[in-house]
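A.B. asks: everything below, folded, please.
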Amino acid sequence: MSGPRPEEFRHLQVKANGIQFRVAEAGEGDRLALCLHGFPECWYSWRHQMPLLARLGYRVWAPDLRGYGGTDKPTGVAAYAVETLMDDVAGLIDASGARETMLLAHDWGGIVAWQFATRKLRPLARLVCMNIPHLGAALEAASWRQRLRSWYMLFFQIPRLPERMLTGRDGRRIIDMFRKSARVPAAFDDTDAEIYRRNVLVPGAATAMVNYYRALLGGGGFRRQIAQGFPPIDTPTLLLWGTEDVALGTELVPPTSRFVRDLTVRFLPGIGHWVQQEAPDTVNAMLEAWLTGKPVPGASAL
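C.D. replies: Here you go, the predicted model:
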């Protein structure tokens, strides 16, 4: 599936929360759309949304998150605690100088974004999450079937073996992961695949990626967040969900309404976990409608 390429965006080095981030940028102005990618991606997962957001008047920042791609890779599990990841987001917002911020997030970026909005570290005008449940909703709805789907989170607690798996066959296992788990494998052409392959092979990157999970489960980040409770989120929120996600079931979605006061949900039938890459036109149409105050269409209407 063709789309914008890396050279079509500006690339910045931004200092935030004590480390250096590589940030891809589009658009201009003081309304920030900060895009948080998931595992095992990088800024490039937002390539289809960045031009749309720029056209709608946002300055778009899509960073490589801590430990990924061109961003610094601190050593040790503790460096990837969810609280530190939230501080990274706060630091990026501060560094941008924006007067208004919208977070868009997928997968692991969504874990950080949900908690950032819950803890109200900085004011948010809007929140968009894709194929990641609110932690409180996940606790309520997690079934044994869902726990089996999440087997990889326990696998990632093992020392060294997950890193060898991720970098296996000179990084080509990552390509297999994207294409085999997608419901639209053509969403990842050879150029896309090469970007993700190189991304996982950057020294220290595979360990950093896995350390997100080690810090959340083995490091106790999940327990710390549960202990603080989940006060309702006031920020207007859009939740988009590909229904054929191999790792996360749709049963995780309905309880979210108890944790978000202003929530819009749209399902994308036949689309997998990599929703904004597998169905960029549909996702962009839903985003544009929501951001411009129009009724958000269902996938069947597009």
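A.B. asks: all helices of the stretch 151-300 of the chain, in order?
C.D. replies: Assigned by DSSP state H, counting those that start in this stretch, the helices in the stretch 151-300 of the chain fall at 151-155, 161-166, 172-181, 190-201, 205-213, 221-228, 275-278, 280-291.
A.B. asks: worst-scoring helix or strand of this structure, pLDDT-wise?
C.D. replies: Least confident helix or strand of the chain, by mean pLDDT, DSSP states H and E, is helix 144-149 with a mean of 72.
A.B. asks: what does it contact?
C.D. replies: Contacts to helix 144-149, defined as CB atoms under 8 Å, 6 or more residues apart in numbering, come from residues 246-249, 251-252. C-beta: built from backbone N, CA, C; applies to glycine.
A.B. asks: please, a PyMOL command that selects the buried ones among those?
C.D. replies: In PyMOL syntax, the buried subset of these is picked out as below (16 or more other CB atoms under 10 Å):
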select buried, resi 247+248+249+251+252
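A.B. asks: which two of the contacts of helix 144-149 have the greatest separation?
C.D. replies: Within these, V246 and E251 form the most distant pair, 14.5 Å apart (CB to CB).
A.B. asks: so where's the stretch 1-150 of the chain shaky on pLDDT?
C.D. replies: Counting by pLDDT under 70, the low-confidence segments of the stretch 1-150 of the chain come to 1-2, 143-144.
A.B. asks: strands along that one, start to end?
C.D. replies: Assigned by DSSP state E, counting those that start in this stretch, the strands in the stretch 1-150 of the chain fall at 10-16, 19-26, 31-36, 59-63, 100-106, 126-130.
A.B. asks: mean neighbour count added to the ones you listed, as TSV?
C.D. replies: Formatted as TSV, the strands of the stretch 1-150 of the chain follow (neighbours: other CB atoms under 10 Å):
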stretch	mean neighbour count
strand 10-16	14
strand 19-26	21
strand 31-36	25
strand 59-63	26
strand 100-106	24
strand 126-130	24
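A.B. asks: which one, of those strands, ends up nearest to I174?
C.D. replies: Nearest of the strands of the stretch 1-150 of the chain to I174, taken as CB to CB: strand 100-106 at 16.3 Å.
A.B. asks: any idea how far that closest one is from the chain center?
C.D. replies: 10 Å (CA atoms, centre = their mean, to the nearest Å).
A.B. asks: name the helices or strands packed onto that strand?
C.D. replies: Judged by 3 or more CB pairs under 8 Å, 6 or more residues apart in numbering; DSSP states H and E, strand 100-106 is in contact with strand 31-36, helix 108-119, strand 126-130.
A.B. asks: quick check: closest non-adjacent residue to A117.
C.D. replies: In this structure, A117 finds its nearest non-sequential neighbour in I233, 4.8 Å apart by CB to CB, 6 or more residues apart in numbering.
A.B. asks: where's the one you found relative to Y68, distance?
C.D. replies: Separation of I233 from Y68 (CB to CB, to the nearest Å): 26 Å.
A.B. asks: roughly how far apart are I271 and A182?
C.D. replies: 9 Å.
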